[in-house]
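J.: Give me a 3D structure for the following:
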Amino acid sequence: MIVQNRAVVFAGQGAQFVGMGKDLIEAYPECRTLYRTADEVLGYSLSKICLEGPVEDLTRSNNCQPAIFVTSIACLAALRKEVPGIRFAAAAGLSLGEWSALHAANVLSFEDTLRVLEARGRFMQEACEARDGAMVSVIGLSVDQLRKVCSEAGVEISNFNSPEQTVLSGDRVRIQKAEEIAKQMGAGRTVVLNVAGAYHSALMAPAAEKLGQFLTGVLFGKPSIPVVSNVTGRPHGVGDEIKATMVKQVTSSVQWVESIKYLGGEGVGGYVECGPGRILSGLIKRVDAKALLLSIQDVASLKKAMVELSGKVQGQEGKS
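T.: The predicted structure follows:
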C-alpha cells in the first residue's frame, strides 16, 4: 500500500547527536537488531558511539555517516512495524542521506550500505585532513549573485538547500574571501559551518576516486520506488548508472531545491523525515510552503506520525 502523495527523506551529516536511537533500541527489537548488525559488520561498537559518544568520535566522518544511516533506518523500521504495509511514493536524502534512501528503495543491502558509508566517510575524512577546506552558508543572495561570489573568490556552490540558503565550499582562505564578498553584496547572513572540510567540491576529488574503486564489487539493484538524485534533482536510473552518479555526488553540488520542486511537480505533497533532527523538514518548508511534514527520530515523534499515516494507509486499502 503506497502513501500516494508522500515521500520519505533522510538527513545528512550534521544531524547527529550523542544518544540518538536510544529509545528506539529500547522499544523495538527490530531496531536493536540493526545496531547489533552494524557492530558486527563494521567490527567495532558503532552502537556505543551513537549512544555514549564521545561527540568527537561520533563527529568523525567514518563513524558519523554509518551512525546516521543506521539511526535513520531504525526510524523507518519502527514506522514499518507500527504501520504495516506502508510504502512511499518516492525517496530522497541529503548527501549521505541519499544512501539511506537508496537502501530504503532496495538498491543496496543494509550491510553493503554500511560498508560503503564507513569507507565513504573515511575517504572524505582523509581528503579533509589533506586540504584545509571550509564551508559557509549564505542567506539572502540570488543564485546569480552567488555564482559571481564563487567566480571572484575561487570557490564552489556545494548545496542548494533552499531558495534563501545556499552553501559555498572550498579552500579555507578562499571561503573567508567569499564570505566577505557575500556580505558586501548584501547577504542577509553568513555562517561558517562547523565541518571538517570542503564537502561537495573539487577538494573531495581524491575521496570520489577512492569511492569509485571501492564500489567496483558492490551490487546496485533497481529502485523499488523512485529515488531522487542529489546530482540531477531527478530520479536515478538503475545499477551501474546509480553507482556512477553516487561517485559524482561526492564532488557535485547538492540540488536539494530542484529535488523538492521535482517531487512537488510529480504530486508529492507530504514528506516523512526519518532520522536524527528535523533539518530537512525545515528546508523543505522553504521550498514548498504547503508541504505536509512529519519527522520521526524517537518514540514520541513516531507516535505522532503513526496517527496520520495509519489513517492514510487504511484509507487506501484496496487502491494499491
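J.: what's in contact with stretch 10-19?
T.: 50-55, 58-59, 61, 64-65, 67-68, 71-72, 91-98, 100-101, 104, 193, 195, 199, 273-277, 279-280 (Cβ atoms under 8 Å, 6 or more residues apart in numbering). No exception for glycine: its C-beta is placed from N, CA and C like everyone else's.
J.: Which positions within that stretch qualify as buried?
T.: In terms of neighbour count (16 or more other Cβ atoms under 10 Å), stretch 10-19 has its buried residues at F10, A11, G12, Q13, G14, A15, Q16, V18.
J.: next one: stretch 114-121
T.: When burial is assessed from 16+ other Cβ under 10 Å, stretch 114-121 yields the following buried residues: L114, R115, V116, L117, E118, A119, R120, G121.
J.: what do you get for stretch 133-153?
T.: Buried residues in stretch 133-153, defined by neighbour count with 16+ other Cβ under 10 Å: G133, A134, M135, V136, S137, V138, L141, Q145, L146, V149, C150, A153.
J.: Equivalent analysis for stretch 171-185, please.
T.: With burial defined by 16+ other Cβ under 10 Å, the residues of stretch 171-185 counted as buried are D171, R172, R174, I175, K177, A178, E179, I181, A182, M185.
J.: JSON lines for those, including secondary structure and distance to S109?
T.: Compiled in JSON lines, the buried residues of stretch 171-185 are given as follows (DSSP: H, G, I helix; E, B strand; the rest coil; distance: Cβ to Cβ, whole Å):
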{"residue": "D171", "secondary structure": "strand", "distance to S109": "38"}
{"residue": "R172", "secondary structure": "helix", "distance to S109": "38"}
{"residue": "R174", "secondary structure": "helix", "distance to S109": "40"}
{"residue": "I175", "secondary structure": "helix", "distance to S109": "38"}
{"residue": "K177", "secondary structure": "helix", "distance to S109": "44"}
{"residue": "A178", "secondary structure": "helix", "distance to S109": "40"}
{"residue": "E179", "secondary structure": "helix", "distance to S109": "42"}
{"residue": "I181", "secondary structure": "helix", "distance to S109": "46"}
{"residue": "A182", "secondary structure": "helix", "distance to S109": "43"}
{"residue": "M185", "secondary structure": "coil", "distance to S109": "47"}
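J.: Out of those, which is nearest to P223?
T.: In terms of Cβ to Cβ, no member of those lies closer to P223 than I175, at 35.3 Å.
J.: For the closest one, list the residues it contacts.
T.: Per Cβ under 8 Å, 6+ apart, neighbours of I175: G133, A134, M135, V136, A153, V155, L168, S169, V192, A198.
J.: quick one: it from G154, how far?
T.: Between I175 and G154 the distance is 10 Å, computed by Cβ to Cβ, to the nearest Å.
J.: just L293 next, same as before
T.: From L293 over to G154 (counting by Cβ to Cβ), the distance is 37 Å.
J.: Which of the three states applies to the nearest residue in space to K222 that is not next to it in sequence?
T.: Spatial nearest neighbour of K222, chain neighbours left out: V238 (4.6 Å); criterion: Cβ to Cβ, 6 or more residues apart in numbering. Following DSSP: H, G, I helix; E, B strand; the rest coil, we place V238 in the coil state.
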